[in-house]
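Colleague: Take this sequence and fold it.
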Amino acid sequence: MSVEETSDFPEINPENDSVNTNKQNKQFKKNNFMQFAGMGVQMAAVIGMGAYGGYLLDEKYHTEKAYWTVGLALFGVLISLYLLIKKANSMSNDK
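Modeller: Presented below is the predicted three-dimensional model:
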């Protein structure tokens with residue numbers, strides 16, 4: 001084996017361009033995965049805050065049914081879907 005075959009950092013030349021491109025693609029895919037994993041946490045937080053705010057309003061106004069809780073939770077779903085779509089569009093434009 002030569003030194004070039006065992007090196008983690010191949011020299012930049014036309015033969016090794018595909019190696020560099022593959023490493024960049026793997027890094028890009030990992031980065032996308034982490035961003036979308038974070039989006040799940042963000043969605044849960046937005047929906048949870050909406051539901052909790054609705055719960056507080058239901059308690060304050062003594063409503064018969066949980067109208068505020070349901071309404072603000074659904075509003076949180078809409079906001080989180082909007083943020084998800086916006087992020088996906090910006091990621092697809094970055095390629």
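Colleague: Tell me where the model's unsure across this structure.
Modeller: Within the chain, the stretches with pLDDT under 70 are 1-29, 95.
Colleague: After the helix ranked longest in it, heading C-terminal, what element do we hit next?
Modeller: The longest helix of the chain (DSSP state H) is helix 17-61. Following helix 17-61 in sequence order, the next helix or strand is helix 67-94 (DSSP states H and E).
Colleague: quick check: angle from that following helix to helix 17-61?
Modeller: 160 degrees (axes from the mean of the first three to the mean of the last three CA atoms, to 10 degrees).
Colleague: tell me which residues in helix 67-94 are buried?
Modeller: 68, 69, 71, 72, 73, 75, 76, 80 (16 or more other CB atoms under 10 Å). C-betas here are computed from N, CA, C, even on glycine.
Colleague: check contacts around the fourth one.
Modeller: When contacts are counted by CB atoms under 8 Å, 6 or more residues apart in numbering, residue 72 is found next to 50, 51, 53, 54, 57.
Colleague: list the contacts for the fourth one?
Modeller: Under the criterion of CB under 8 Å, 6+ apart, the contact list for residue 54 reads 66, 67, 68, 69, 70, 71, 72, 73.
Colleague: what does the first one give?
Modeller: For residue 50, the contacting residues are 72, 73, 74, 75, 76, 77, 79, by CB under 8 Å, 6+ apart.
Colleague: Kind regards, and thank you for your time.
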